[in-house]
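In: just coords:
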C-alpha cells in the first residue's frame, strides 16, 4: 500500500519545492546581509525586508499546489505531521516563554533564527505520521 501511495506523489513537483525553498533561503540571507551592511535608506529598507516574504509566499504556493496533487493518504499524513509540528512548536514557545521568566531574571535567548528548527521538526513529524500509516 505504501509503494502505491508513494507512486502517486508526482516526483516531478519535488524539484519545484526545493527550488522555491532555496530561493526563499537565499533571499532571506541576502536581505539580512543587505540590512546589516548596506543599511538602506528609508524606503529601500522596506523593499529589502519584503523580498524574503514574497519568496516565502511563492514557496507556500508551490507547496500548496504540490499537496493538492497528492492522494488522500498522503494528504492525511501531511496534515497529521503539520498538526503534530504545530503542537510541538506551541510547547516549545510556551517553554521558552517560561524559561525567560525565571526568578533569577530574564534569560536572553536569541529567537530571531529559531524558525530554522521548524524545518527538521516537520521532517521528524512527517516520518512519525508516515510510520503510523504503514
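Out: Thanks, I have the structure now. All values derive from a computational prediction rather than experimental measurement. Numbers count the residues shown, from 1 in each chain.
In: can you pull the buried residues of the helix or strand harbouring residue 62?
Out: Assigned by DSSP states H and E, residue 62 belongs to helix 42-68. For helix 42-68, the neighbour count (16 or more other CB atoms under 10 Å) marks 48, 51, 52, 55, 56, 58, 59, 62, 63, 66 as buried. Glycine gets a C-beta too; all of them are placed from N, C-alpha and C.
In: so what's the gap between that helix and the chain middle?
Out: Distance of helix 42-68 from the chain centroid (CA atoms, centre = their mean, to the nearest Å) equals 12 Å.
In: now do stretch 26-41
Out: Here stretch 26-41 is found 21 Å from its chain centre; the criterion is CA atoms, centre = their mean.
In: and the contacts of that stretch?
Out: Here stretch 26-41 makes contact (CB atoms under 8 Å, 6 or more residues apart in numbering) with 45, 47, 48, 49, 51, 52, 54, 55, 56.
In: ok, now stretch 52-69?
Out: Residues contacting stretch 52-69 (CB under 8 Å, 6+ apart): 10, 13-14, 16-17, 20-21, 23-24, 27-28, 31, 74-75, 78.
In: tell me which entries of the residues you listed lie within helices.
Out: Under the assignment DSSP state H, the contacts of stretch 52-69 contribute 14, 16-17, 20-21, 23-24, 27-28, 31, 74-75, 78 to helices.
In: and the residues you listed, which are buried?
Out: Buried among the ones in helices among the contacts of stretch 52-69 by 16+ other CB under 10 Å: 20, 21, 23, 24, 27, 28, 31, 74, 78.
In: pLDDT added to the residues you listed, as a markdown table?
Out: Below are those laid out as a markdown table (pLDDT from 0 to 100):
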| residue | pLDDT |
| --- | --- |
| 20 | 92 |
| 21 | 90 |
| 23 | 95 |
| 24 | 93 |
| 27 | 95 |
| 28 | 93 |
| 31 | 93 |
| 74 | 91 |
| 78 | 91 |
